[in-house]
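Sequence and predicted structure are below.
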Amino acid sequence: MISQRMFFKDKLYRPWLIVRILASTQAHTVARFANRQDAEDHMRVLHRFLPNAVFDLMFEPPDGKEPVEQIR
């Protein structure tokens with residue numbers, strides 16, 4: 001029975017991040033998403049409203065470490 005259940009934490013896991021790169025080379029997390037397509041769609045909307053801002057799409061591994069891979 002337990003193997004069929006999805007735990008609350010697993011339901012909230014959102015590994016795709018949109019980060020905004022600031023002028024001081026700092027990154028600020030803007031939003032998190034459960035799948036890549038939603039993140040890409042949201043990033044397109046952000047570019048429409050903030051055309052001069054720099055955004056990156058990143059994947060955060062499930063073990064909770066810092067995002068290591070930038071996806072363009």
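Sure, I can see it.

Which residue lies nearest the spatial centre of the protein?
Central residue of the chain (CA atoms, centre = their mean): Leu17, 1.0 Å from the mean position.

Direction included, what does the strand or helix carrying that residue pair against?
Leu17 belongs to strand 16-21 when assigned by DSSP states H and E. In the sheet, strand 16-21 lines up against strand 27-33 (antiparallel), strand 54-59 (antiparallel) (DSSP bridges).

Tell me the buried residues in the last one?
If I follow you right, that is strand 54-59. Residues Phe55, Asp56, Leu57, Met58 are the ones in strand 54-59 that count as buried (16 or more other CB atoms under 10 Å). The C-beta positions use only the backbone N, C-alpha and C, and glycine is treated the same way.

Please state the offset of it from the chain centre?
Centre-to-centre, strand 54-59 and its host chain are 7 Å apart (CA atoms, centre = their mean, to the nearest Å).

before we move on, what about the first one?
Relative to its chain's centre, strand 27-33 lies at 5 Å (CA atoms, centre = their mean).

Let me see the mean pLDDT of it.
Averaged across strand 27-33, the pLDDT comes to 94.

and if you look at the shortest one?
Strand 54-59 carries an average pLDDT of 94.

what does the longest helix along the chain rub up against?
Taking DSSP state H as the criterion, the chain has its longest helix at helix 36-49. When contacts are defined by CB atoms under 8 Å, 6 or more residues apart in numbering, helix 36-49 is touched by residues Trp16, Leu17, Ile18, Val30, Ala31, Phe33, Ala53, Phe55, Leu57, Phe59, Ile71.

Any idea what the third one is bridged to?
Judged by DSSP bridges, the bridge partners of Ile18 are Ala31, Leu57.
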